[in-house]
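Trainee: sequence and predicted model, in that order:
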Amino acid sequence: MPDYTPQELMVIAAAREVRDGEVVFVGMRLPLLAFALAKRTHAPNAAGLFENGILRDRPIDELLMTMSDPPNVSGASWCTSLLNVMALLHRGSADLGFIGGAEVDRFGNVNSSYVGNSRAPRVKLPGSGGACDIASHAGRFIAIIEHDRRRLPERVSYVTSPGYGSGGDWRRRVGLRGGGPSAVITTLGVLGFDAETKEAELRSIHPGVALDDVRANTGWPLRVSGSLAPTPPPARDELEIVRALDKDGIWTR
Amino acid sequence: MPDYTPQELMVIAAAREVRDGEVVFVGMRLPLLAFALAKRTHAPNAAGLFENGILRDRPIDELLMTMSDPPNVSGASWCTSLLNVMALLHRGSADLGFIGGAEVDRFGNVNSSYVGNSRAPRVKLPGSGGACDIASHAGRFIAIIEHDRRRLPERVSYVTSPGYGSGGDWRRRVGLRGGGPSAVITTLGVLGFDAETKEAELRSIHPGVALDDVRANTGWPLRVSGSLAPTPPPARDELEIVRALDKDGIWTR
Amino acid sequence: MVDKRMSLREAIARFVSDGDTVAMGAALEGLIPFAAGHELIRQRRRGLTFIGPISDALLDQLVGAGCVSKVVVAWAGNVSEGLGHNYRRAAEAGIPHRIQIEDHTNLTLALGLLAGALGVPYIPSRSGLGSDLPASNPTLRVIASPLDGQPLIAVPAIQPDVAVLHVQRADAEGRAHCWGALGVTNEAGLASRRIILTAEEIVPGDVILSDPNRIIAPHFKVVAVAHAPGGAHPSPAQGYYGRDHAFFGEYHRRSRTPDDFAAWLDEWVLRLPDRAAYVERLGAERWQSLTLRDHRFAATVDYGL
Amino acid sequence: MVDKRMSLREAIARFVSDGDTVAMGAALEGLIPFAAGHELIRQRRRGLTFIGPISDALLDQLVGAGCVSKVVVAWAGNVSEGLGHNYRRAAEAGIPHRIQIEDHTNLTLALGLLAGALGVPYIPSRSGLGSDLPASNPTLRVIASPLDGQPLIAVPAIQPDVAVLHVQRADAEGRAHCWGALGVTNEAGLASRRIILTAEEIVPGDVILSDPNRIIAPHFKVVAVAHAPGGAHPSPAQGYYGRDHAFFGEYHRRSRTPDDFAAWLDEWVLRLPDRAAYVERLGAERWQSLTLRDHRFAATVDYGL
């Protein structure tokens, strides 16, 4: 048994996707921890945008339950309107965004709205929030999700946040300018996307996970990248930072 | 010779058009004095909007040369963006607006852009500023102008700020929702507009001015209102307030 | 000078009617007008259209109490806990009754309010292209740009009847300072026909007018100013109190079934006359644990002449 | 931490090129970046497109000095004096050369910048309907609303290469506080590809971050921070100095003929190395007469936890 939880590894894998100096549209929960971790390690100059209107450079020591918690406001580099930060995103100024969701499919489309028919849903999920905006306009986006067949169907039942649609140049054809998903970080591995077809492919497998496990828990015949590699395990300092941030393990235990 | 200047009378006549409790889009110079006078007399609860982003309730004792002069900011009831105050105007929240201009015509259209052909103008005037916005969207608007044939042509050479266009229901047809001009206050009298045809008609004549003078100085055969009356002369307190505001007579002497 | 101060009970009674569209939670996860929402529940408002980007648990409570027939939202649930049980029951099973849902994104909802504020019929956006939002929310229409034919989403204007905004301090005439995360506060206030303010503090006009850049709305749109200390709890009010995470957790657990929710509602809303009683019920110790430990005063500015 | 402080000379040399579109005077009649404009003149920038709602006399000076080939403005002249002589000569007689004029209203210019900030192709408005603006400025097109066929003006996005904003105080990284009348400051900063700040004071980051609601733009768009005390003169900087009405009057009189203007320009711009020399030339007595007599400090707010 590894000395860390799948959630901790997901946070750490997500943090590694942040490049120094980038403008990152940060979501709550695991993405927030990932961003906080990246700031404290390899990306000290990354700037975080929050859809409530906040731009933040300084890291926060407290665990945030929402982006509007007072510690996220105090000492922010800009506290403005939702429209102003969304304008930056829509115009193309955000390099990277994180989103969650209940389902992610073969082409990286994300559902966080309805399970089943939207007119008579089996489950009514909370909806887009800023996720559709991030997926549509960020330079690239990353989805974080638990890996099982139910959550990774071949085709999501409702596209809240567009990935590569039906693949190829679909995004350009429908008029989207953001780059689309660059990775899906799951409890079992990390998916990337083929440069041409835009179909998901397994890029790395988390330590201790078998390729068959990944395939069995994916709702379509999952392609495997030619450069498939194991996900590097968490470094000691990465784990320490995540645990210091999420002291009570609210999101990572 | 009356004991006041035509400009003082224009300011006082303009002030009388303000009703208590109204939201007034205030321009500079004479309108600003008119608004200040109205606040101090019959309309203490009128609120002034300025296109630089200011909403003001408290009167100012100093003469403002521009709406962004520090005394207009300090103690304002809202100091926000141009867009926010223009949004109020565009949506229909301003009851009354004042504009100036170089020419006003038979249907209350105002030119403050070009004298002569706009491609090779004889005179390049400053342009709309907020005048077109005020004329288009305010509940009603009032133009203030010197009365001579050159400034009151039958048809302005360029419509910066739409009045009643070619008359009748023209405003509705072109898609404007503001009410249009309710008065043109000149150095000789006050024009109103026929309720049906929307053609200008002389509503009052300033003290000491002959009807023939007005007609001779108007660029079209000016109609006269059935209820033509003399403009009430300035009251003592009105004059005192205007003179206290414009101590050096910069705009009223 | 028009004195607009009144009790929250009177403000809701006079200025929110059955069937109104009501914008609440404009600042997103903070300054949520829970006190005003609870008053809507006590006064048994029905048929409301609820407008808000992220309404946190307040929308869930209003839906569970039967006040809401339609929601225009980007996200609805319990932010720190996950799904909203009442919202799910209404959407999935029509309990206590069916609700109509107009799904937005945060940006499209903000643009709809901005269009409403400007009084233009719509504002174009690319948010929603390629998604199923236009299918489930037909008010979001795909159009071709009249400039170059590119696909766009026309986000139609949203003009709520009333915006309820919770602020840190307001004066009697309805001029208010609000700070911290603002979300769509500006757009919601301007888009709405009238504004009800609930405030942590009522202060003299001079305090508010000393900093006109921090004022959040034109006072002439404000119809009521209600003093409601603690009125955003369990959401935070920057500079006054933090977020009561545990309260959201407790609400989540106690709303899993309609019966549990009824008991919760009875205890925290129906049996209490007003917000003062609610704060008293929370208890001094709990309230103390939420209030400031560490002041962080803004550097001053000079509006001098 | 990226230190973006540099001299105004270096900022203009590095970040404004011939042919750029430049937004200035975004706050309308106050905080006009005259110091930056004079640096543009000294560095002989040519072919600029000048964007600003009401630029007061700065545009007139830039036009007279031959820097500008196109203006995108709602109003151009000398606010307290009337028409701008250089602007008139250029528009009427091609002196010093022809300029192209795109007439806007204050609202359409603001909406163009907002569309630029959002990255949408246009925003619809009713400003301009029935006027001759769409005839003389063909970028303003009459369209039929895709929702109901009603006529609208499609205001196309404006995205300046650079916005030059004069602010009261900024830190080395480009986070800035700006107060008083703001005009289109927010939209101009967001619409532009990059921002140059000129500031009355450079202060530690802690001062700016103590009040994040008052910050005017995302620092990552700021490419240069130039310390320029007095940099808005003769326009006012709230809390620092008032408007020098007489200076506008003097400029008006001394720009009536090209020769007079050349002498004025030589005296106040070309012969001076920088803004410090300009302020010195104004003289201590005149400067003193413009500075604060009466402080009006904003009531503080607490961002505490």
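Mentor: Received it, and whenever you're ready, just let me know what you need. Residues are numbered from 1 along each chain as shown, chains lettered A, B, ... in the order given.

Trainee: switch to C-alpha atoms for all contacts and neighbour counts from now on
Mentor: Will do.

Trainee: ok, residue C:29 - contacts?
Mentor: Residues touching residue C:29, when contacts are defined by Cα atoms under 8 Å, 6 or more residues apart in numbering or on different chains, comprise A:52, A:66-69, C:54-56, C:79, C:235-236.

Trainee: buried subset of those residues as a ChimeraX selection?
Mentor: Applied in ChimeraX, the following selects the buried portion of the contacts of residue C:29 according to 16 or more other Cα atoms under 10 Å in any protein chain shown:
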select /A:52,66,67,68,69 /C:54,55,56,79,235,236
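
Trainee: tell me which of the contacts of residue C:29 is nearest to chain B?
Mentor: Nearest to chain B out of the contacts of residue C:29 is residue A:52 (Cα to the nearest Cα; 19.4 Å).

Trainee: pLDDT wise, what is that closest one at?
Mentor: We have a pLDDT of 96 for residue A:52.

Trainee: got the residue ranges for the helices in the stretch 151-253 of chain A?
Mentor: Remark: helices of the stretch 151-253 of chain A, listed N- to C-terminal, are A:170-174, A:211-216, A:236-245; assignment by DSSP state H, counting those that start in this stretch.

Trainee: for chain B, find the nearest of those helices.
Mentor: Distance to chain B, taken as Cα to the nearest Cα, is lowest for helix A:170-174 among the helices of the stretch 151-253 of chain A, at 31.2 Å.

Trainee: show residues contacting that closest one.
Mentor: Where contact means Cα under 8 Å, 6+ apart, the residues beyond helix A:170-174 that reach it are A:163-165, A:177, A:180, C:129-130, C:151.

Trainee: grab the nearest non-local neighbour of residue C:126.
Mentor: The shortest distance from residue C:126 to any residue that is not its chain neighbour, by Cα to Cα, 6 or more residues apart in numbering or on different chains, is 5.2 Å, and that residue is residue C:152.

Trainee: in its sheet, what does the host helix or strand of that neighbour sit against?
Mentor: Element membership of residue C:152, judged by DSSP states H and E, is strand C:151-156. Strand C:151-156 has these partner strands in its sheet, going by DSSP bridges: strand C:122-125 (antiparallel), strand C:141-144 (antiparallel).

Trainee: hey, C-alpha coordinates of the first one in PDB?
Mentor: As requested, the backbone C-alpha atoms of strand C:122-125 are provided in PDB (Å, rounded to 0.1, in the frame of the first residue of the first chain):
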ATOM      1  CA  TYR C 122     -28.700  40.500 -25.400                       C
ATOM      2  CA  ILE C 123     -25.000  40.300 -25.300                       C
ATOM      3  CA  PRO C 124     -23.100  37.800 -27.400                       C
ATOM      4  CA  SER C 125     -20.600  35.300 -25.900                       C
END
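
Trainee: quick one: contacts of that strand?
Mentor: C:108, C:111-112, C:115, C:152-157, D:120, D:122-124.

Trainee: same thing but at 7 Å, please
Mentor: Strand C:122-125 is contacted from outside by C:111-112, C:115, C:152-157, D:120, D:123-124, using Cα atoms under 7 Å, 6 or more residues apart in numbering or on different chains.

Trainee: can you pull out the strands in chain A?
Mentor: For chain A, the strands identified by DSSP state E occupy A:23-25, A:47-50, A:54-56, A:78-79, A:96-99, A:103-104, A:110-111, A:114-115, A:123-124, A:140-145, A:181-186, A:189-193, A:200-205, A:223-230, in order along the chain.

Trainee: typo on my end, chain C
Mentor: With DSSP E, the ranges of strands along chain C come out as C:21-23, C:48-54, C:68-75, C:100-103, C:122-125, C:141-144, C:151-156, C:162-170, C:176-177, C:194-202, C:222-227.

Trainee: ok, residue 171 - how many residues close by?
Mentor: Picking chain A for this. Applying other Cα atoms under 10 Å in any protein chain shown, we find 21 other residues in the vicinity of residue A:171.

Trainee: was after chain C, sorry
Mentor: When neighbours are defined as other Cα under 10 Å, residue C:171 has 24 of them.

Trainee: same deal with the one 10 residues further on?
Mentor: Burial of residue C:181 is recorded as 35 neighbouring residues (other Cα under 10 Å).

Trainee: how far away is it from residue C:171?
Mentor: Residue C:181 sits at a distance of 21 Å from residue C:171 (criterion: Cα to Cα, to the nearest Å).

Trainee: can you tell me the closest non-neighbouring residue to residue A:54?
Mentor: Among residues not flanking residue A:54 along the chain, residue A:79 sits closest, at 4.6 Å (Cα to Cα, 6+ apart).

Trainee: try residue A:59
Mentor: Spatially, and ignoring its direct neighbours in sequence, residue A:59 is nearest to residue A:36 (6.2 Å; Cα to Cα, 6+ apart).

Trainee: and residue A:116, how far from residue A:104?
Mentor: Residue A:116 sits at a distance of 14 Å from residue A:104 (criterion: Cα to Cα).

Trainee: comparing the two, which residue is more hemmed in?
Mentor: For residue A:116 and residue A:104, the more surrounded residue by other Cα under 10 Å is residue A:104, and the numbers stand at 31 against 14.

Trainee: got the residues of the stretch 51-200 of chain C near chain A?
Mentor: Counting by Cα under 7 Å from any Cα of the partner chain, the residues of the stretch 51-200 of chain C close to chain A are C:54, C:74-77, C:79-80, C:83, C:88, C:91-92, C:105-107, C:110, C:126-133, C:136, C:150-151, C:180-184.

Trainee: what parts of the stretch 101-250 of chain C come near chain D?
Mentor: Applying the criterion Cα under 7 Å from any Cα, the portion of the stretch 101-250 of chain C that neighbours chain D consists of C:120, C:123-125, C:179-180, C:207, C:210-211, C:213, C:238-239, C:242.

Trainee: and which of those is nearest residue D:250?
Mentor: Minimum separation from residue D:250 among those (Cα to Cα) is found for residue C:213, which lies at 32.4 Å.

Trainee: leaving aside the residues next to it on the chain, what's closest to that closest one?
Mentor: Nearest non-adjacent residue to residue C:213, counting by Cα to Cα, 6+ apart: residue B:79, 4.7 Å away.

Trainee: so who does the nearest residue to residue C:168 once chain neighbours are set aside touch?
Mentor: If you skip the residues right next to it in sequence, residue C:168 has residue C:200 as its closest partner in space, 4.9 Å away by Cα to Cα, 6+ apart. Listed by Cα under 7 Å, 6+ apart, the contact set of residue C:200 reads C:167-169, C:227-231.

Trainee: one more pass at 6 Å, please.
Mentor: Taking Cα atoms under 6 Å, 6 or more residues apart in numbering or on different chains as the contact definition, residue C:200 lies against C:168-169, C:228-229.

Trainee: try residue C:177
Mentor: With contacts defined as Cα under 6 Å, 6+ apart, the neighbours of residue C:177 are C:169, C:214-215.

Trainee: now it, nearest residue through space, not along the chain?
Mentor: For residue C:177, the spatially nearest residue (Cα to Cα, 6+ apart) is residue C:215, at 4.8 Å.

Trainee: pLDDT score for the one you found?
Mentor: With respect to pLDDT, residue C:215 has a value of 98.

Trainee: got a list of what it touches?
Mentor: When contacts are counted by Cα under 6 Å, 6+ apart, residue C:215 touches B:78, C:176-177.

Trainee: and the gap between it and residue D:160?
Mentor: Looking at residue C:215 against residue D:160, where the rule is Cα to Cα, the gap reads 29 Å.
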